[in-house]
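Asker: Turn this into a model:
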Amino acid sequence: MSDLPRKAVTRTAKLAALPLGFAGRATWSLGKRLGGRSAEIVGRELQQRTAEQLFKVLGELKGGAMKFGQALSVFESALPEEVAGPYRAALTKLQEAAPPLPTSTVHAVLAERLGADWRELFEEFDDKPAAAASIGQVHRAVWHDGREVAVKVQYPGAGPALLSDLTQLSRFARLLGPLIPGMDIKPLITELRDRVSEELDYALEAEAQRAHAAEFAGDSDVVVPAVVHQSDQVLVTEWLEGVPLSEVIAHGTEEERDRAGQLLAHFLFSGPARTGLLHADPHPGNFRLLPGWTPDGPVAEWRLGVLDFGTVDRLPDGLPPTIGTSLRMALDGEADAVYRMLCEEGFVKESIELDPDAMLDYLLPIIEPAQVEAFTFTRGWMRRQAARIGDPRSPAHQLGKQLNLPPAYLLIHRVTLSTIGVLCQLGATVRLRDELEAWMPGFLPDGADGAAAEADATEEDAAEGAARDAAAEQADTESSAGSPA
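Answerer: Take a look at the predicted model:
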């Protein structure tokens, strides 16, 4: 049905060639060093060549291979600046583009899932994909009622390909470790594999997107396109026009970068409190900057458009209060209290004893941005944190190896680190503490729930608005009654 390289033998051969390529380049680099070139220069060239081969293969295979590449892309800012350029170019290609499916394959999927008369559902349908990602590609179209829509078509055989790729990648995860300093690759691949069935289920994705679209309808900061139609392997949503976050990273002004960073942090923390769901795929390809809007018309400030709800963490009570409480205590320097709480939650196993002060130092990348009114996330800061935790000789690295991440926190941890990575790519100055105070349970010292307080304020505003409207309507009625016919 498709020329997508999805047969197990073909895909396995392509992925299995990666370690051989790594080994070959390692031999090449040794020869270069013996020939008199410095280890530092040769190391940079080795990283560049490795990145180019890795992400070329991942992009061609789509599936789990590309999903892995996208997950890595948000950590590009942790790389040394000398080699970040080539990585940045290779990784950015994975965020929104991949070799498209043949038109005949797309039409066959639409006929199978929407019916032989599928064209009658659309006034227009663009055969050229507007975007291609890990398990599906998106086509721009016009629905039969005149709405511009995005039609997401799942690649045939995406499920088996996804599982096969991630299984194969996990076998040589150790070789991929040097790509992103300070990051343990194998748990990332395991967690992606555990999420496969959810991401392939467009009914679950539609459900999550509907929940977000309903909650953020009319919001002045966040836009979520409505779901128009959903069936197996096909998802139709309203089209969202805007500037991709990857373009803001590459060409945005300081004002645009700061606004995008603030909106991203706002969505990360407010989403679980408002919907009970955490958007768990925060790579730049899933976000857009859109012109601002109020009921009175357009405004200067940008809004954040959010796409792709295939991977979410279900948090019916919002983010765990433990996170907010331990973060607040960490900001207050209460090392012993933080340590006790992390032990109780299972972050430190009973058989291990750690230094509470060392624990606070290890958590610095999460604590530091909340210590000040506004924090500027930079690639340099991210690189320093990655080097500190990734250096096998450092106390932080040794401590990190002894920590345990409870299953309930796995996805929250990855989303948090990924979001920090994107903020560093943006170089954004963000008022992170504002978002924590408004939305993070347990963060406020007095125990007040910022999200609940804001919700109460919103209800009060709505009640006041309704009272004003009723008064105005009554005045209009009285005026009409007293006017000549």
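Asker: Check the secondary structure at the nearest residue to Leu403 once chain neighbours are set aside for me.
Answerer: Excluding its sequence neighbours, the residue lying closest to Leu403 (CB to CB, 6 or more residues apart in numbering) is Phe347, at 5.8 Å. For the C-beta atoms, the positions are set from N, CA and C on the backbone; glycine is no exception. Secondary structure assignment for Phe347 (DSSP: H, G, I helix; E, B strand; the rest coil): coil.
Asker: Phe347: how many residues sit nearby?
Answerer: 19 (other CB atoms under 10 Å).
Asker: and it, what does it touch?
Answerer: Applying CB atoms under 8 Å, 6 or more residues apart in numbering, we find Phe347 in contact with 403-406, 409.
Asker: Equivalent analysis for Gly333, please.
Answerer: Going by CB under 8 Å, 6+ apart, Gly333 touches Leu360.
Asker: again with Glu345
Answerer: 322, 406, 409.
Asker: so what pLDDT did the last one get?
Answerer: The pLDDT attached to Tyr409 in the predicted structure is 88.
Asker: Please apply the same query to Lys152.
Answerer: 96.
Asker: before we move on, what about Ser164?
Answerer: So Ser164 comes in at 72 (pLDDT).
Asker: which helices and strands sit right next to whatever helix or strand it lives in?
Answerer: Assigned by DSSP states H and E, Ser164 falls within helix 158-171. With contacts defined as 3 or more CB pairs under 8 Å, 6 or more residues apart in numbering; DSSP states H and E, helix 158-171 has these neighbours: helix 8-34, helix 63-73, helix 185-194, helix 196-200.
Asker: Tell me who's in contact with the residue lying closest to His144 once chain neighbours are set aside.
Answerer: Counting by CB to CB, 6+ apart, Leu121 is the residue found nearest to His144 once chain neighbours are left out, at 5.5 Å. The neighbours of Leu121, taking CB under 8 Å, 6+ apart as the test, are 114, 143-144, 229.
Asker: shaky segments in the stretch 351-485 of the chain?
Answerer: Along the stretch 351-485 of the chain, segments meeting pLDDT under 70 span 390, 446-485.
Asker: where along it do the strands fall?
Answerer: Remark: strands assigned in the stretch 351-485 of the chain by DSSP state E, counting those that start in this stretch are 375-376, 429-430.
Asker: In this structure Pro316 contacts Leu278, no?
Answerer: No: contact criterion CB atoms under 8 Å: Pro316 and Leu278 do not qualify, at 11.1 Å.
Asker: Look at these two and report which has more neighbours.
Answerer: Legend: neighbour count by other CB under 10 Å for Pro316 and Leu278, higher for Leu278 (22 against 8).
Asker: Which of the three states applies to that one?
Answerer: Following three-state DSSP, the label given to Leu278 is strand.
Asker: Poorly predicted segments of this structure, please.
Answerer: Residue ranges of the chain with pLDDT under 70: 1-99, 133-134, 165, 168, 170-185, 188, 293-300, 390, 446-485.
Asker: Tell me how many other residues crowd the nearest residue to Tyr202 once chain neighbours are set aside.
Answerer: The shortest distance from Tyr202 to any non-neighbouring residue, by CB to CB, 6+ apart, is to Leu235 (4.6 Å). Other residues within reach of Leu235 by the criterion other CB under 10 Å amount to 25.
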